[in-house]
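> sequence and predicted structure, then a few things I'm wondering about:
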Amino acid sequence: MNIQPNYKFFLLFVLSCLFSNYVSSTEAPVRGEIVGGSAHVAPSWFKQSFLDIAEDVDEATASNKHVLLFFQLNDCPYCDRMLTESFEAEPLTSFIQQNFDTISINVRGDREIAFNEDLVVTEKELSNTLNVRATPAIVILDSNNKQVVRVNGYRAPERFKLILEYVQSKSYKTEKLSEYINKNVNKDIYQPKANPLFSNITDLSLVKGPLMVIIEDSSCYDCKEFYDGLLADALVQKEMVPFTVVRIDASSSQAMIDVDGKQTTANKLVDKYQMIYRPGVLFFNENKLHRRHDSLTFPHHFKESLRFVAGEFYKKQSYRSYTQERTEELLSQGINIDLSQPTIK
């Protein structure tokens, strides 16, 4: 077959384009990125500790203060929000400075900490020892270097103020934090509303598949953001499809049956699961609790809790292992992971 030079050139050009397109189509997608984080430097008035915590406790006690350990993670959006709203805004800034010596601890840090005479570890090791899984985590110590309060995750300033006052007044010597908050919180903040998401179920044992229990009451500072932002997010809504959703009024004594078939009431059920944040969320499947959110959660982390429970990933791995694998899966597919807070619609 005799091919003219011009046709040879044209044929080579076409083959080159086809090969180029084939290679492009088989190349891995551009790796996704983790976005929406918030870099935030701890306030300059945080104590510049030598990280001998027993010594810090002695110094704080001499000044009639408590030591407050602020466990944080670089670029943590929840840490950023809590630092901005509570530690860097009045009236809490002055109250914290007057009553607490605040020490920042990086949950992935390598500084050495002498937590007590028996425990000398790095920041990262201490975080693991204390089972810090959500940031910010706040641990407040008494004069004997014993934990009197542990707060996992973000708290609205109004509710965080109650926690600080509970410690400052040493009410931990006579009552539980949940009792103190219930007695002192403003109960005229939020009016619970009907929602088509809710199933009118009081016997939780009847739900065999994924079950999400939302715990709220009239003291819920973050309920509007929860419903109008978080639950309005398209990715969250997609993962919610398999779930039966039940709303519980934490202040109610309405008769209920828990997932284990035992009779209880709404307020006793909330106490059983030690839920002190509003709105709190419990995630069940196969009549067992697998995840709990007792602090503010943004869309990415919320939807992954839903997926972890509905997909029954708990049968083969821990949530920490799941999140590590899931993060790599999304990024390798070229999907960005957005850690930012929801947009209120």
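Noted; the coordinates are in hand. Residues are numbered from 1 along each chain as shown.
> show me what the strand or helix carrying residue 127 is packed against.
Secondary structure from DSSP states H and E places residue 127 in helix 123-129. Packing contacts for helix 123-129, counted by 3 or more C-beta pairs under 8 Å, 6 or more residues apart in numbering; DSSP states H and E, involve strand 100-106, strand 112-116, strand 119-122. C-betas here are computed from N, CA, C, even on glycine.
> okay if I get those strands as CSV plus distance to residue 254, mean neighbour count and mean pLDDT?
As requested, the helices and strands packed on helix 123-129 are exported to CSV (distance: least, C-beta to C-beta, whole Å; neighbours: other C-beta atoms under 10 Å; pLDDT from 0 to 100):
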stretch, distance to residue 254, mean neighbour count, mean pLDDT
strand 100-106, 39, 21, 97
strand 112-116, 43, 17, 96
strand 119-122, 45, 14, 96
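> any chance of the ones you listed in a markdown table with distance to residue 222 as columns?
What follows is the helices and strands packed on helix 123-129, written out as a markdown table (distance: least, C-beta to C-beta, whole Å):
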| stretch | distance to residue 222 |
| --- | --- |
| strand 100-106 | 23 |
| strand 112-116 | 32 |
| strand 119-122 | 34 |
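> nearest to residue 75, of the ones you listed?
Smallest distance to residue 75 across the helices and strands packed on helix 123-129 (C-beta to C-beta): 11.4 Å, for strand 100-106.
> circling back: of the helices and strands packed on helix 123-129, which approaches residue 47 most closely?
strand 100-106 (4.8 Å).
> out of the helices and strands packed on helix 123-129, nearest to residue 256?
From the helices and strands packed on helix 123-129, taking C-beta to C-beta, the stretch that ends up closest is strand 100-106, at 38.5 Å.
> and the closest one, what other elements does it pack with?
Looks like strand 100-106 contacts helix 53-62, strand 66-72, helix 123-129, helix 157-168 (3+ C-beta pairs under 8 Å, 6+ apart).
> from the middle of its chain, how far away would that strand be?
20 Å (C-alpha atoms, centre = their mean, to the nearest Å).
> which SS class is residue 283?
strand (DSSP: H, G, I helix; E, B strand; the rest coil).
> that one reaches residue 304, doesn't it?
No. Using C-beta atoms under 8 Å as the test, residue 283 is too far from residue 304 to be in contact (11.0 Å).
> just to revisit the earlier point, the helices and strands packed on strand 100-106: which one's closest to residue 174?
That would be helix 157-168 among those, by C-beta to C-beta, at 10.5 Å.
> from residue 145, how far off is residue 61?
As judged by C-beta to C-beta, to the nearest Å, residue 61 and residue 145 stand 10 Å apart.
> run through who's touching the helix holding residue 127.
71, 105-111, 113, 115, 119, 121, 137 (C-beta atoms under 8 Å, 6 or more residues apart in numbering).
> 10 Å instead?
For helix 123-129, contacts defined as C-beta atoms under 10 Å, 6 or more residues apart in numbering pick out 51, 53, 69, 71, 73, 104-115, 119-122, 132-133, 135, 137, 139.
> tell me the buried residues in that helix?
Applying a neighbour-count criterion of 16 or more other C-beta atoms under 10 Å, one finds 123, 124, 125, 126, 127 buried in helix 123-129.
> just checking, what packs against the next helix or strand after that helix?
Using DSSP H and E, the helix or strand that follows helix 123-129 in sequence is strand 137-141. Judged by 3 or more C-beta pairs under 10 Å, 6 or more residues apart in numbering; DSSP states H and E, the packing partners of strand 137-141 are helix 53-62, strand 66-72, strand 100-106, strand 147-152, helix 157-168.
> list the contacts of residue 292.
Neighbours of residue 292 in contact, by C-beta under 10 Å, 6+ apart: 152, 213, 215, 273-275, 277, 280-284, 305.
> run the last query once more with 8 Å
Per C-beta under 8 Å, 6+ apart, neighbours of residue 292: 273, 275, 280, 281, 282, 283.
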